[in-house]
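In: sequence and predicted structure below; questions after.
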Amino acid sequence: MKTESTIPLSKLTLPVGKRDHIQGPITAPKTLLEYGDYECPFCGAAYGIVKAVQQTLGPELCFAFRNFPLTNMHPHAEHSAEAAEAAGAQGKFWEMHDMLYENQNALEDEDLARYAAELGLDVPRLIREVETGAHKKRIREDFMSGVRSGVNGTPTFFINGVRHDGAYDYDILLAAIIEAEPLRK
Amino acid sequence: MANETKNNEMKYSQMYPRSGRSTALAPGTDAPDFSLRSTPDQSVSLRDFRGQPVVLAFYPADWSPVCGDQMSLYNEVLPEFQGLGAELMGISVDGAWCHAAFCRDRNLHFPLLADFEPKGEVARRYGVYRQGDGVNERALFVIDADGKIFWSYVSPIGVNPGAGGVLSALERLQERGQPAKQAQQAKPEEAIK
């Protein structure tokens, strides 16, 4: 028997807002949200595509990123997410986010510290925050908001609050964003 | 690469072409009891979990891409399932040695049961065996503390159904006042790491 109607599969349960890391105006007509894992190769492939889409749409697009680390499968995913959040606490979330996706094959703790230094961050503070799990709770909140919204793997995209189930190469993702219904807040 | 999800769906539909509607046991039905191997030298019986909710996740096969994602996802959500007092078990027709290798590779922290001999017997009794294809459906059952099916869902075989539906069902079960062993000790939000 099918009981599909009881599964709130495709709607975002936690709207993009102040709690989120965003690029572009929050008031933009289109919002693209990614649930991603820094060690996931598919997210790595999507990284450049998202950048290209952002470039094309400019201020028409608000891009947000939430953590969805599959920590048992990807041993470096949790610390990488914590490092990005710790960089965010020093005002450089996106710089670290980009650094991690551009260096997915080097995500050991020493690498994370090195990236922090390269970005001019307070390295001892970042290490301390990663070691004490200062941002664990927020990452788990990101993760569970994804689980509740029907995220079933990474990357999963939501366009204006609706899960994007198609492919995510440039043409398809761009077309889906352009065609998306206005966000009902 | 970008089309991975769609590709997986296609691979599955080519590999498991049998179509037709599922006849999964409906809510309110007594969950058929079973005893299956969880490791080469251990067995698990459903009746052992009477008094707490049980989540049964039937899936087609170890090692195939979507299953990997589904079991890996459930592995991550395990603290929430446990916070709601529930026990999670995966079931496929793979043998116990295969499950052992798969569990080790994916670092899974919950049992995978081998519905291996007679092949697919438990899945048949739950109405989620794909006769022509020789594998289980991708089907979810939430069983209440009295051993009755509370919720069930059959996903298209190539689509990972996620964990949201199971969590909602477990929460509704808790609201209904089912005694959930651990839930009385730990509230779900405290279980969040």
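Out: Sure thing, it's come through.
In: for the longest helix belonging to chain A, buried residues please.
Out: As assigned by DSSP state H, the longest helix anywhere in chain A is helix A:41-57. Buried positions in helix A:41-57, judged by neighbour count with 16 or more other C-beta atoms under 10 Å in any protein chain shown: A:42, A:43, A:44, A:45, A:46, A:47, A:49, A:50, A:53, A:54, A:57. Every residue, glycine included, has its C-beta placed from N, CA and C.
In: who's in contact with the helix or strand following it?
Out: The helix or strand immediately downstream of helix A:41-57 is strand A:61-67, counting by DSSP states H and E. Under the criterion C-beta atoms under 8 Å, 6 or more residues apart in numbering or on different chains, residues A:16, A:20-28, A:30-37, A:50, A:53-54, A:81, A:84-85, A:97, A:138-139, A:142-143, A:145-146, A:177 lie in contact with strand A:61-67.
In: in contact with residue B:116, which residues?
Out: Counting by C-beta under 8 Å, 6+ apart, residue B:116 touches B:36, B:37, B:93, B:94, B:95, B:96.
In: partners of it in the sheet?
Out: Beta-bridge partners for residue B:116, by DSSP bridges, are residue B:119.
In: quick revisit: tell me the one of the buried residues of helix A:41-57 nearest residue A:103?
Out: Taking C-beta to C-beta as the measure, residue A:103 sits nearest to residue A:44 out of the buried residues of helix A:41-57, at 9.8 Å.
In: residues touching that closest one, list them.
Out: Residue A:44 is in contact with A:101, A:104, counting by C-beta under 8 Å, 6+ apart.
In: the one 3 residues further on too?
Out: Applying C-beta under 8 Å, 6+ apart to residue A:47 gives the contacts A:98, A:101, A:102.
In: run the last query once more with 10 Å
Out: Neighbouring residues of residue A:47 by C-beta atoms under 10 Å, 6 or more residues apart in numbering or on different chains: A:34, A:36, A:38, A:97, A:98, A:100, A:101, A:102, A:104, A:155.
In: count the residues that sit near the last one.
Out: Okay, so that is residue A:155. Residue A:155: 23 surrounding residues under other C-beta atoms under 10 Å in any protein chain shown.
In: so it sits against residue A:163, correct?
Out: No: applying C-beta atoms under 10 Å, one finds residue A:155 not in contact with residue A:163, separated by 11.5 Å.
In: okay, and the common contacts of those two?
Out: With C-beta under 10 Å, 6+ apart as the test, residue A:155 and residue A:163 both reach residue A:35.
In: how about the helices in chain B?
Out: Using DSSP H, the helices of chain B run over B:4-15, B:65-83, B:96-106, B:121-125, B:164-175, B:188-191.
In: return the most buried member of those.
Out: Highest mean neighbour count of the helices of chain B: helix B:65-83, a mean of 21 (counted as mean count of other C-beta atoms under 10 Å in any protein chain shown).
In: please export the C-alpha coordinates of that one as PDB.
Out: Output in PDB follows, covering the C-alpha atoms of helix B:65-83 (Å, rounded to 0.1, in the frame of the first residue of the first chain):
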ATOM      1  CA  PRO B  65      24.500   2.900  -4.900                       C
ATOM      2  CA  VAL B  66      21.100   4.100  -3.700                       C
ATOM      3  CA  CYS B  67      20.900   1.500  -0.900                       C
ATOM      4  CA  GLY B  68      24.300   2.700   0.200                       C
ATOM      5  CA  ASP B  69      23.000   6.200   0.500                       C
ATOM      6  CA  GLN B  70      19.800   5.100   2.200                       C
ATOM      7  CA  MET B  71      21.600   2.900   4.800                       C
ATOM      8  CA  SER B  72      24.300   5.600   5.300                       C
ATOM      9  CA  LEU B  73      21.700   8.200   5.800                       C
ATOM     10  CA  TYR B  74      19.800   6.100   8.400                       C
ATOM     11  CA  ASN B  75      23.200   5.500  10.100                       C
ATOM     12  CA  GLU B  76      23.500   9.200  10.600                       C
ATOM     13  CA  VAL B  77      19.900   9.600  11.800                       C
ATOM     14  CA  LEU B  78      20.300   6.700  14.300                       C
ATOM     15  CA  PRO B  79      20.500   9.000  17.400                       C
ATOM     16  CA  GLU B  80      17.100  10.400  16.500                       C
ATOM     17  CA  PHE B  81      15.600   7.000  16.000                       C
ATOM     18  CA  GLN B  82      17.000   5.800  19.300                       C
ATOM     19  CA  GLY B  83      15.900   9.000  21.000                       C
END
